[in-house]
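Novice: Just to be clear, the model below is a prediction. Sequence and coordinates:
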Amino acid sequence: MRSFLFAALLLTASSAAIADQHNNYTVVIKDHKFEPAVVEVPAGQAFTLLVDNQDKTAEEFESHELKREKIIAGNTKAKIKINALKAGEYPFFGEFNEKTAQGKIIAK
């Protein structure tokens, strides 16, 4: 039973970003994809999205709904501050690799 619970916990952790103690959520860009592709955040709380671009090429984080655009050079990191969100889904994408770099923030 313990191994089942541990496996379920690992699966959950890998499918959604988890906040650190400072309300930061990390998303990695690798192979022109966001990992995790889903970031769950509490509604009504501001947070910072830490984007770690592990690709050699630049990517532009973009979200019309969040009103955010930021170019992140290859092999660098960026912080994107997000104001408190109402409950809902907020898609984001990589402007330079839009077909593969897709994600969303879910505020609950």
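Specialist: Sure, I can see it. Source: prediction; values computed, not measured. Numbers count the residues shown, from 1 in each chain.
Novice: For the residue nearest to the spatial centre of the chain, give me phi and psi.
Specialist: For the chain, the residue nearest the mean C-alpha position is Val27 (4.0 Å; C-alpha atoms, centre = their mean). Backbone torsions of Val27, given as degrees, to the nearest 10, read phi -130, psi 130.
Novice: who does it bridge with?
Specialist: When bridges are called by DSSP bridges, Val27 pairs up with Val51.
Novice: Contacts only, for it.
Specialist: Applying C-beta atoms under 8 Å, 6 or more residues apart in numbering to Val27 gives the contacts 17, 34-36, 39, 49-52, 103. Glycine gets a C-beta too; all of them are placed from N, C-alpha and C.
Novice: Could you do Leu49 as well?
Specialist: Residues counted as contacts of Leu49 (C-beta under 8 Å, 6+ apart) are 24-27, 39, 61, 79-82, 105.
Novice: Now the buried members of the residues you listed.
Specialist: Buried members of the contacts of Leu49, counted by 16 or more other C-beta atoms under 10 Å: 25-27, 39, 61, 80, 82, 105.
Novice: Filter these down to the ones in strands?
Specialist: Mapping the buried ones among the contacts of Leu49 onto strands (DSSP state E) picks out 25-27, 39, 61, 80, 82, 105.
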